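Novice: got a predicted structure here, sequence first:
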Amino acid sequence: MELTTVWFVLIAVLWTGYFVLEGFDFGVGILLPFLGRDEADRRTIVRSIGPVWDGNEVWLLVAGGATFAAFPEWYATLFSGFYLPLFLILLALIMRGVALEYRNKSDSTKGWDRAFFWGSLGPALLWGVAFTNIVRGVPLDADHEYTGTLFTLLNPVALLGGVATLLLFTQHGAVFLALRTTGDLRARAVRAARLLAPVTILVGLAFLLVVRSGAVSWAALALAVAGLAGTLVATLIGRDGWAFTASAVAIVAVTATLFTSLWPNVMPALDPANSLTVINAASSPYTLTVMTWVAAIFTPLVLIYQGWTYWIFRRRLTGAF
Amino acid sequence: MDVLDLSRWQFGITTVYHFLFVPLTIGLSILVAGLQTAWHRTRKPEYLRLTKFFGKLFLINFAMGVVTGIVQEFQFGMNWSDYSRFVGDVFGAPLAMEGLMAFFLESTFIGLWIFGWDRLSPRLHLATIWIAAIGTNLSAYFILAANSWMQHPVGYRINNGRAELTDIWAVLTNSTTLVTFPHVIFGAFIAAGAFVLGVSAWFLLRKRDVDMFRISARMAMVVSLVAAIGVSLSGHWQAQIMTEQQPMKMAAAEALWEDETSAGFSLFAIGDVENGRNHVNLQIPYGLSLLSTNTLDGKVEGINDIQARYEALYGPGDYRPVVGLAYWSFRLMIGFGMLSALAALVGLWLTRRGRLPASRWPYRLAIVGIGLPFLANTLGWIFTEMGRQPWTVFGLMRTAAAVSPGVDVTSVAITLVGFTLVYAVLAFIEVRLMLKFIRIGPQEEQEPDSAVPALSY
């Protein structure tokens, strides 16, 4: 396999890891005001991601860093082109991170809970908007500079994509909370998952059908549908572990659909002559070789110790601690 | 103000702000790990209480470092897209390595440390804070390797209109990195030392937990003092390397206008940038030659001469940084750092053999002294980054050519104002939270429920 392909796949993997992991963090934040009846509930909800959210967010940093190293042109065009949406995402992530760390250290939690909610909802929506635009193409000039405006990015299909990721992550958060809690709180999380599932399937499917292209993406799309259906079924029969697994598979498959539709472009332009591809956006073969070694050694290591963290904190939270 | 000015202000503000938290994270992570190790070894409850107390303050600070760090990673692409296109092949590699090797380590293990007190065996739990601390220090190495490449590019060639990596090992062992890394790390330890000392002094002043905070105060002063020696030595090496690699920066730092042998180290100067000379210049004879070349009669290049040489080399243009800023930031960095070291030295003398000063002033000064190393660290970065101007990558790319061509003034203005406001609010909240937990003070600690091994419930 060409190294450029390896890196395209690796960046897809990093985004997939980010969406699967921070996806439920976002969902937990969005569901906080709906599922948390009292302070004890809310503390349990926040606690459910307490040990892991920071590690989950690093997937984004590494996805960004890997894009910078492997496809500098992609990094430069994407980050300068999607300037204001990324600014909003950054503000949201800042507020959210501070809220998560400071809420249990402050006298009043109300403001932090609001920051946690909006800081989760914003990125959950905006990542969908951003990726829809990436896959469908945006106006780029011959120097690969983005020539549209903020409103170019807020087109109807992109907004559909935003709603789709918002629903997907919210549902993911619901099944995660069902898996991690007990009693009433768990019952409420299950109910939320049941309510969200049909809409998520409909909107998710509509979104994928609009954005997908290329033959391989059909397989990913089919898997996404299977994952979403599996989430619903497992939730209905009360199998929390399976519901979460199916939901994770759905997010993997949705991300795979996006990236298989994108290939071999990394940022298609409305005028195909100006498109950024895995070839013209890539770093030199030497850089890619070096980084391949680094990634080959350290990615498995990261997966092992992050997996171990989830194992350590696998016990359900009862609200009594 | 145009896009370039606003982008520079934004980078300056977000980076200086980020680096208020970073040194404390770097230094305090190791100090907290040290305290926990002391507890692990001795089982003395004071050490556990200190670990948890300073651990909490560490975490309040850590959170700010994390969230402001995300902006750092994004803004190269957002505001400096032409820079990113030009250097990504080289510069992206250490950044990606930082994420993959250091950020994952630090963030994952800090979570294990916070929530793992009764989930992990004591030994394993102790390991988590050390691993997090190592991750933090490792991340400093990679980001300094990236920054050093901007100061002194190595291991690359210009190909396809961009800088392409030819030797990753050269980038990671850049002589600039090798001297900058210890300088930054020692600087961080002075900051952490001054912080622990100041907080301990606050308690000693109020006669709260005197025996315990005497320990942390002494520990902090030893750390500060050792770090101060490290900072001076590495700073000296850095100055020599700078003289060789970025003579203009060194000349600006000294307001040295003409090439000179046996050059003096300037203590106070009033300069005339327009005409390239000083009105007043108070010097330590031979000081600069000694500092930069290790000999009394070594030749040090002056601003006017370097300017002429650079015009011949790089074409017409102004290759001088803002001389006054470079001169004063360099001097004040050294001054504040030395004051901080002096405070530690005097403090160790005052607390020798179990003594505690009766006067209130030493405690008050120690509390105020928390600010000194933070000022020194900030001024150090302002000096090294502003001193490199007009280059963003020395000799290869000018800052004016690095900015995003497609981003308009309004967008940069919005984000500049937005970040600045949010950062100001967060600074307020952060300080208030710190003060709150300092006032609450260390709690009585139970031995953590460590009899339960991690894997048996």
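Specialist: All right, it came through fine. Numbering: from 1, shown residues only, chains lettered A, B, ... in the order given.

Novice: residue contacts, A:G230?
Specialist: Applying CB atoms under 8 Å, 6 or more residues apart in numbering or on different chains, one finds that A:G230 lies in contact with A:242-243, A:245-246, A:249-250. (Glycine included, C-beta is placed from N, CA and C.)

Novice: now do the buried residues in whichever strand or helix holds it.
Specialist: For A:G230, the enclosing helix or strand under DSSP states H and E is helix A:216-236. In terms of neighbour count (16 or more other CB atoms under 10 Å in any protein chain shown), helix A:216-236 has its buried residues at A:217, A:220-221, A:223-225, A:227-228, A:230-232, A:234-235.

Novice: hey, C-alpha coordinates of it in CSV?
Specialist: Once side chains and other backbone atoms are set aside, the C-alpha atoms of helix A:216-236 remain, and they are given as CSV (Å, rounded to 0.1, in the frame of the first residue of the first chain):
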residue,chain,number,x,y,z
VAL,A,216,-16.9,0.9,-1.1
SER,A,217,-18.9,3.4,0.9
TRP,A,218,-22.0,1.2,0.3
ALA,A,219,-20.5,-1.5,2.6
ALA,A,220,-19.7,1.1,5.3
LEU,A,221,-23.2,2.5,4.9
ALA,A,222,-24.8,-1.0,5.3
LEU,A,223,-22.7,-1.5,8.4
ALA,A,224,-23.8,1.8,9.8
VAL,A,225,-27.5,0.9,9.3
ALA,A,226,-26.8,-2.5,11.0
GLY,A,227,-25.1,-0.8,13.9
LEU,A,228,-28.0,1.7,14.4
ALA,A,229,-30.6,-1.1,14.2
GLY,A,230,-28.5,-3.2,16.6
THR,A,231,-28.4,-0.3,19.0
LEU,A,232,-32.2,-0.1,19.0
VAL,A,233,-32.7,-3.8,19.3
ALA,A,234,-30.2,-4.2,22.1
THR,A,235,-31.7,-1.3,24.0
LEU,A,236,-35.2,-2.7,23.7
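
Novice: just the strands in chain A please.
Specialist: When secondary structure is read from DSSP state E, chain A shows strands at A:265-267, A:276-277.

Novice: partner strands of the longest one, with direction?
Specialist: In the sheet containing strand A:265-267, its partner strands are strand A:276-277 (antiparallel), by DSSP bridges.

Novice: figure out how far the partner strand is from the centre of its chain.
Specialist: Taking CA atoms, centre = their mean, to the nearest Å, one finds strand A:276-277 lying 23 Å from the centre of the chain it belongs to.

Novice: ok, and what's touching that strand?
Specialist: Among residues not part of strand A:276-277, those counted as contacts by CB under 8 Å, 6+ apart are A:71, A:73-74, A:77, A:140, A:144, A:264-269.

Novice: check stretch A:172-187 too.
Specialist: The contact list for stretch A:172-187 (CB under 8 Å, 6+ apart) reads A:20, A:23-31, A:35, A:37, A:41, A:44-45, A:48, A:189-190, A:192-193, A:196, A:231, A:235, A:240-241, A:243-244, A:247-248, A:251, A:316-319.

Novice: so what's the residue count around B:G371?
Specialist: Close neighbours of B:G371, defined as other CB atoms under 10 Å in any protein chain shown, add up to 15.

Novice: how much space separates it from B:M386?
Specialist: Taking CB to CB, to the nearest Å as the measure, B:G371 and B:M386 are separated by 21 Å.

Novice: what are the buried residues along the top helix by length along chain B?
Specialist: Counting residues, the longest helix found in chain B (DSSP state H) is helix B:3-42. By neighbour count, and taking 16+ other CB under 10 Å as the criterion, the buried residues in helix B:3-42 are B:3-4, B:6-8, B:10-11, B:14-36, B:38-39.

Novice: mind putting the buried residues of helix A:216-236 in JSON lines, pLDDT included?
Specialist: Listed next are the buried residues of helix A:216-236 as JSON lines, based on pLDDT from 0 to 100:
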{"residue": "A:S217", "pLDDT": "91"}
{"residue": "A:A220", "pLDDT": "93"}
{"residue": "A:L221", "pLDDT": "94"}
{"residue": "A:L223", "pLDDT": "95"}
{"residue": "A:A224", "pLDDT": "95"}
{"residue": "A:V225", "pLDDT": "95"}
{"residue": "A:G227", "pLDDT": "96"}
{"residue": "A:L228", "pLDDT": "95"}
{"residue": "A:G230", "pLDDT": "96"}
{"residue": "A:T231", "pLDDT": "95"}
{"residue": "A:L232", "pLDDT": "95"}
{"residue": "A:A234", "pLDDT": "95"}
{"residue": "A:T235", "pLDDT": "95"}
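
Novice: tell me the one of those residues nearest A:T299?
Specialist: Closest approach to A:T299 among the buried residues of helix A:216-236 (CB to CB): A:A220, at 21.0 Å.

Novice: which residues in chain B form strands?
Specialist: Taking DSSP E to define them, one finds strands in chain B at B:156-159, B:162-165, B:260-261, B:265-272, B:277-284, B:299-300, B:391-393, B:397-398.

Novice: out of those strands, which comes closest to chain A?
Specialist: Ranking the strands of chain B by distance to chain A, with CB to the nearest CB as the measure, places strand B:162-165 first at 4.4 Å.

Novice: quick one: strands adjacent to the closest one?
Specialist: Here strand B:162-165 has these sheet partners by DSSP bridges: strand B:156-159 (antiparallel).

Novice: list the contacts of the partner strand.
Specialist: In contact with strand B:156-159 (CB under 8 Å, 6+ apart) are residues A:284, B:89-90, B:149, B:163-167, B:171, B:396.

Novice: would CSV of those with neighbour count be doable?
Specialist: Written out in CSV, the entries for these read as follows (neighbours: other CB atoms under 10 Å in any protein chain shown):
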residue, neighbour count
A:S284, 20
B:D89, 26
B:V90, 30
B:W149, 28
B:A163, 23
B:E164, 19
B:L165, 27
B:T166, 17
B:D167, 15
B:V171, 23
B:L396, 17
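
Novice: and the strands of chain A, which is most packed in?
Specialist: strand A:265-267 (a mean of 24; mean count of other CB atoms under 10 Å in any protein chain shown).

Novice: which residues of chain A score low on pLDDT?
Specialist: Segments of chain A classed as low confidence (criterion: pLDDT under 70) are A:319-321.

Novice: can you do 90?
Specialist: Counting by pLDDT under 90, chain A shows low-confidence ranges at A:1-2, A:50-51, A:54-55, A:104-110, A:214-215, A:313-321.

Novice: max-length helix in it?
Specialist: The longest helix of chain A (DSSP H) is helix A:3-35.

Novice: can you name every helix or strand that that helix contacts?
Specialist: Using 3 or more CB pairs under 8 Å, 6 or more residues apart in numbering or on different chains; DSSP states H and E as the contact criterion, the elements in contact with helix A:3-35 are helix A:39-49, helix A:53-70, helix A:110-136, helix A:156-180, helix A:183-211, helix A:240-262, helix A:285-312.

Novice: for the ones you listed, give me a markdown table that also has mean neighbour count.
Specialist: Rendered in a markdown table, the data for the helices and strands packed on helix A:3-35 read as follows (neighbours: other CB under 10 Å):
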| stretch | mean neighbour count |
| --- | --- |
| helix A:39-49 | 20 |
| helix A:53-70 | 26 |
| helix A:110-136 | 22 |
| helix A:156-180 | 25 |
| helix A:183-211 | 19 |
| helix A:240-262 | 23 |
| helix A:285-312 | 16 |
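
Novice: export the ones you listed to CSV and tack on distance to A:G148?
Specialist: Output for those, formatted as CSV (distance: least, CB to CB, whole Å):
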stretch, distance to A:G148
helix A:39-49, 35
helix A:53-70, 20
helix A:110-136, 9
helix A:156-180, 11
helix A:183-211, 18
helix A:240-262, 18
helix A:285-312, 30
